[in-house]
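[1] Structure for this input, please:
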Amino acid sequence: MRAIAERHALPRPGADDWLDGSDVVFGLGTVAVLKLVAPPFKKEHEAEVIALRTLSAHPEIPAPSLIARGEIEGWPYLVETRMPGTPLGGVWRTMLDEQRRTVLVEIGAMLRRLHRVTPGGLAEVGPGWPEFLATEMAACAERQRKWGLAAHLVDEIPSFLRSAAPLDGEALFLHADATPGNLLVRNVGGAWHLSGLVDFGDATVGRREYDLLVPALFLARGDAARMAALLVGGYGYAAADLDAVWRRRMTALSLIHRFNDMTRFLEPPYPPSLEAMDRLWT
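    Residues are numbered from 1 along each chain as shown. Okay, the predicted model is just below:
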């Protein structure tokens, strides 16, 4: 990391500059972030570079700007501006419900703006949305079984996915990993507000609900007021849009999501069927 910083005339990083993440990530004060990616994940690196370059023309999206990219000893890296704020996951439990709803409105509005961005070259990285769906639909039941989802729910997955509303039909710019760790907030005058969206390594194209299910599961967690803040107050859905067909689609995509262990959100006694899981979206 010091060699990368020196290469780009940046401040010398120290051990205390290490940031949490699935990649090797260092923050250089308020100046920049260095992100080093293991060689097997070069496609994710390429997706992030394309996403950041695309978003450079869209200041309405609070995303980092790409400063430089390169490779060192076969490992790709990028240098990006450091976004202000702290990861939402670290402060969410300290917020009052009113503050949480405010932040959820801002998350929904930001994702709506992101989905209006033309994805450009992002559509050419990795499999297209139809291919992605086919692969993940075939793999998700066994994956959820390994994660410990109740057997009666796992056994229902194939037929449930076949009966779900069509899951293709959109090719929108997706972040695809809007977790509390990738959403940044800062306190302004005693109130928390969204300040950034980071880590575009999973950026892809697809249906809007695929982006919405992550903050819905991690942050709204079946709370009607929070869900309304995210989806109606923020994203702009009409309440009537969030019908049984929409809820079924959300459940299907949550099962398909390749990193989404559903046991994090379902506790015993488990629902009697996947259809009953629509309580997650109320």
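[2] And for stretch 83-93, what's in contact with it?
    20, 30, 62-64, 100, 103, 179-186, 192, 195-198, 219 (CB atoms under 8 Å, 6 or more residues apart in numbering). For the C-beta atoms, the positions are set from N, CA and C on the backbone; glycine is no exception.
[3] give me that answer again for 7 Å
    By CB atoms under 7 Å, 6 or more residues apart in numbering, the list of residues contacting stretch 83-93 from outside reads 62, 64, 100, 103, 180-181, 183-186, 192, 195-196, 198, 219.
[4] Of the residues you listed, which pair is most distant in space?
    With CB to CB as the measure, no two of the contacts of stretch 83-93 lie farther apart than Pro64 and Arg100, at 24.7 Å.
[5] So these two - more neighbours on which side?
    For Pro64 and Arg100, the more surrounded residue by other CB atoms under 10 Å is Pro64, and the numbers stand at 24 against 20.
[6] how close does that one get to Leu52?
    Summarising the geometry, the distance separating Pro64 from Leu52, computed by CB to CB, to the nearest Å, is 6 Å.
[7] And for Met1?
    Computed as CB to CB, the Met1 to Leu52 distance reads 19 Å.
[8] need the helices for this protein, in chain order.
    When assigned using DSSP state H, the helices of the chain occupy the ranges 2-7, 42-55, 97-115, 129-147, 151-163, 208-215, 224-228, 244-256.
[9] Out of the ones you listed, which is the most enclosed?
    A comparison of the helices of the chain by mean neighbour count, using mean count of other CB atoms under 10 Å, puts helix 208-215 on top with a mean of 23.
[10] Which other helices and strands does it contact?
    Taking 3 or more CB pairs under 7 Å, 6 or more residues apart in numbering; DSSP states H and E as contact, the helices and strands that helix 208-215 lies on are helix 97-115, strand 172-174, helix 244-256.
[11] Nearest to Lys42 among the ones you listed would be which one?
    Of these, the one closest to Lys42 (CB to CB) turns out to be strand 172-174, at 19.8 Å.
[12] related to what we said a few turns ago, and the contacts of stretch 83-93, which of them are in strands?
    Leu183, Leu184, Val185, Arg186, Trp192, Ser195, Gly196 (DSSP state E).
[13] Need the nearest residue in space to the fourth one, chain neighbours excluded.
    Sequence neighbours aside, Gly85 is the residue nearest to Arg186 in space, at 4.0 Å (criterion: CB to CB, 6 or more residues apart in numbering).
[14] ditto for the first one
    Spatially, and ignoring its direct neighbours in sequence, Leu183 is nearest to Leu88 (4.3 Å; CB to CB, 6+ apart).
[15] What is the burial count for the one you found?
    Burial of Leu88 is recorded as 26 neighbouring residues (other CB under 10 Å).
[16] how close does the closest residue to Phe259 other than its chain neighbours sit to Ser254?
    Of all residues beyond its chain neighbours, the one nearest Phe259 is Asp177 (7.6 Å), with distances taken as CB to CB, 6+ apart. Between Asp177 and Ser254 the computed distance is 14 Å (CB to CB).
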